[in-house]
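*Asks:* when you get a sec, could you give me coordinates for this:
(one chain, ligands or ions: 2)
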Amino acid sequence: MAHRIESLNAYVACRQGDKAHTAAFLICKCCQTSCEVNTGGPTELLATGERLGFSLDGLIIEGRGLCADCKVD
Ligand SMILES: [Zn+2]
Ligand SMILES: [Zn+2]
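*Replies:* Ligands and ions are numbered 1, 2, ... in the order given. Below is the predicted model of the structure:
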């Protein structure tokens, strides 16, 4: 199980098992580190998909910015 991060053009291993979930990533635009974090995510989209009979594998949210190491005060 891996997620594809479009903006990094890369796959990252998932640490949350194989059930459908919202994968939210914090991506540092400086050192390109990515970190999967737990989030409730847009459950409305999951619910709406389900209502329409659409089987979602999951969602990916990409949050870009600067990590703690790269952030300069
Ligand atoms: Zn994941
Ligand atoms: Zn960084």
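*Asks:* need the residues of this structure near ligand 2, please.
*Replies:* Within the chain, the positions adjacent to ligand 2 are 28, 30-31, 67, 70 by C-beta under 5 Å from the ion. To be clear about C-beta, it is placed using only N, CA and C from the backbone, and glycine gets the same treatment.
*Asks:* which one of these is nearest to Arg51?
*Replies:* Ranked by distance to Arg51 (C-beta to C-beta), the residues of the chain next to ligand 2 are led by Cys28 at 36.3 Å.
*Asks:* what sits closest to the closest one if chain neighbours are left out?
*Replies:* Cys67 (3.9 Å; C-beta to C-beta, 6 or more residues apart in numbering).
*Asks:* tally of neighbours for that neighbour?
*Replies:* 16 (other C-beta atoms under 10 Å).
*Asks:* element containing it?
*Replies:* Using DSSP states H and E, Cys67 maps to neither a helix nor a strand.
*Asks:* Leu26 is in contact with that one, correct?
*Replies:* Yes. If you go by C-beta atoms under 8 Å, Cys67 and Leu26 touch, sitting 7.3 Å apart.
*Asks:* any common contacting residues for the two?
*Replies:* Common contacts of Cys67 and Leu26 (C-beta atoms under 8 Å, 6 or more residues apart in numbering): Cys35.
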